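Visitor: Just to be clear, the model below is a prediction. Sequence and coordinates:
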Amino acid sequence: MRIRLLLLLVASHVSPLTSHVRAQVSDSHRANASRLIAAATRDSAAWNRIAKLSDTFGPRFSGTPNLDRAIEWVLAEMKQDGLEHVRGEPAMVPRWVRGQESAELVSPRRQMLPMLGLGGSVGTPPNGITADVLVVSSFDDLKAHAALARGKIVLYDVPFTNYGATVQYRGTGAIEAAKVGAVASLIRSVTPYSMRTPHTGGMRYDSTGSKIPAAALTVEDATMLHRMQDRGEKIRLRLKMDAQTLPDVQSHNVVAELRGSEKPDEIVVMGGHIDSWDVGGGAMDDGGGVVIAWEALRLMKELGLRPRRTIRVVGWTNEENGLRGGLAYRDAHATELDNHVVAIESDGGVFRPVGFGFTGSEAARAILKDVIALLKPVGADTLLPQGGGADIGPIMQRGVPGMSHVVDGTKYFWYHHTDADTPDKLDPVEVSRNVAAMAVVAYVIADLPEKLPR
């Protein structure tokens, strides 16, 4: 009898919870998900907006007039769309200026090499740096040849394996090269595919070490210089960079909402970053992420779908070289974070959608499986084990569950941080399916009878 009573007690606590969790996604949600998918995929409105943003304002680097004008345009368009509580929220951002730059092969023959200085790098002296080159294939290789590096330009020719493994040479290559007496640090661009296009990105210095200039060469030229070294040829380069860091300036996060009908203080936040590097048009990284979230909210407004909770779209500023937008959002909304239901970030391109990653409670994951299943018509019905993103990282650290919008990333790093990040790389049909995915997930989560459990 005692065992039977215990089982009844367990059932009374577990079964209702389980059935409650599984019953949150209703027939009404399924019907509205179908409406959102149909509306999102009926035309190329989202792709057109990405193209307009990219073509009109070009690179949107932190602290530049291009970014300021882009933010003003987005805010004006959001107001015209009828979105609610549209505003720019201030954030102080770093101001790094590339200036004029060049890399010239002096020996064994003369040739100008395409290059991009790495964000945050110091410049060279006015007349540049002319020095012999030491090509290495890893940090261990550099240490093994440390005696040869003094007074030279170190070039890391490291093939792309995955972003996390390879990007360390961009981030800390100058630190390690300075330790062995190098006068400059170059990397093979962090990409699996190249058509002689250099890739920029952020780097950093050690506070205790000397600061030497840092830049990226193309895959083709890095491997060429490596072959020259293997043949015993003397390699000499002239590097000129006017890069400098100026005082911080003010920028803004872009914010718009659709206020909840029953629980407006509970918030589902989604978006991407409005800034880009100072090359290309930032179409893929991350104009697409901002626009698909924006378009998702616009479609809810157009279809008259107002969920129980508030959905907030954010275009975070300064993701690329500072993360100040994400930090400013955390601080500005510190008192609201307990009521943030989930944060969804799109910063992996807007190629063919796959699904979403999620970091949060297992109880929430059980609910999200049913939500994500609604995306089967657009092929985005996979729920992956981990989710998050750079911009939502600060609020995730305060306990907000995080989701990452996941796409087929096969070609993402082909164009990442290059002049080739332009709208033509994006398929309007794939973009529209990403809008559908963001719209359905945000709407249904915001309209569930109960808040996602933490």
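Guide: Right, received. Where do you want to start?
Visitor: C-alpha from now on. contacts and neighbour counts both.
Guide: Noted.
Visitor: ok, now which ones touch Val431?
Guide: Ala46, Trp47, Gly288, Ile292, Val350, Phe351, Arg352 (CA atoms under 8 Å, 6 or more residues apart in numbering).
Visitor: do you know how far the fifth one is from Glu430?
Guide: This points to Val350. Distance from Val350 to Glu430, counting by CA to CA, to the nearest Å: 7 Å.
Visitor: residue ranges for the strands of the stretch 251-400 of the chain, please.
Guide: Per DSSP state E, counting those that start in this stretch, the stretch 251-400 of the chain carries strands over the ranges 263-273, 309-316, 340-345, 353-359, 382-384.
Visitor: Now do the same contact list for Val74.
Guide: Residues counted as contacts of Val74 (CA under 8 Å, 6+ apart) are Val254.
Visitor: quick one, phi/psi of it?
Guide: Torsion angles at Val74 (phi, psi; degrees, to the nearest 10) stand at phi -60, psi -40.
Visitor: Val341 versus Leu384, what's the distance?
Guide: Going from Leu384 to Val341 by CA to CA gives 19 Å.
Visitor: and those two? which has more neighbours close in?
Guide: When Leu384 and Val341 are compared for neighbours, Val341 comes out ahead with 22 against 18, by other CA atoms under 10 Å.
Visitor: Now do the more buried one against Val268, distance only.
Guide: For Val341, the distance to Val268 (CA to CA) stands at 5 Å.
Visitor: Can you work out which residues contact both of those two?
Guide: Shared between the contact lists of Val341 and Val268 (criterion: CA under 8 Å, 6+ apart) are residues Ala446.
Visitor: which element is Arg35 on?
Guide: Per DSSP states H and E, Arg35 falls inside helix 27-40.
Visitor: Residues touching that helix, excluding its own?
Guide: 296, 299-300, 303, 305, 374, 378, 432-433, 435-437, 439-440, 444.
Visitor: Show me which positions of it end up buried.
Guide: His29, Arg30, Asn32, Ala33, Ser34, Arg35, Leu36, Ile37, Ala39, Ala40 (16 or more other CA atoms under 10 Å).
Visitor: CSV for those residues, including distance to Arg312 and pLDDT?
Guide: Output for the buried residues of helix 27-40, formatted as CSV (distance: CA to CA, whole Å; pLDDT from 0 to 100):
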residue, distance to Arg312, pLDDT
His29, 19, 98
Arg30, 22, 98
Asn32, 19, 98
Ala33, 18, 98
Ser34, 22, 98
Arg35, 20, 98
Leu36, 17, 98
Ile37, 20, 98
Ala39, 20, 98
Ala40, 18, 98
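Visitor: Just send those residues back as a markdown table, with distance to Leu258 too.
Guide: Listed next are those as a markdown table, based on distance: CA to CA, whole Å:
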| residue | distance to Leu258 |
| --- | --- |
| His29 | 17 |
| Arg30 | 20 |
| Asn32 | 16 |
| Ala33 | 17 |
| Ser34 | 20 |
| Arg35 | 18 |
| Leu36 | 15 |
| Ile37 | 18 |
| Ala39 | 18 |
| Ala40 | 17 |
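Visitor: what about dumping the CA coordinates of the helix holding Arg35 to CSV?
Guide: Coordinates of each C-alpha in helix 27-40 appear next as CSV, following Å, rounded to 0.1, in the frame of the first residue of the first chain:
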residue,chain,number,x,y,z
ASP,A,27,-4.0,24.0,-32.6
SER,A,28,-4.3,27.8,-32.7
HIS,A,29,-0.5,28.0,-32.6
ARG,A,30,-0.2,25.5,-35.4
ALA,A,31,-2.6,27.4,-37.5
ASN,A,32,-0.8,30.7,-36.9
ALA,A,33,2.5,29.1,-37.6
SER,A,34,1.2,28.1,-41.0
ARG,A,35,0.0,31.7,-41.6
LEU,A,36,3.4,33.1,-40.7
ILE,A,37,5.3,30.6,-42.9
ALA,A,38,3.0,31.4,-45.8
ALA,A,39,3.4,35.2,-45.3
ALA,A,40,7.2,35.0,-44.9
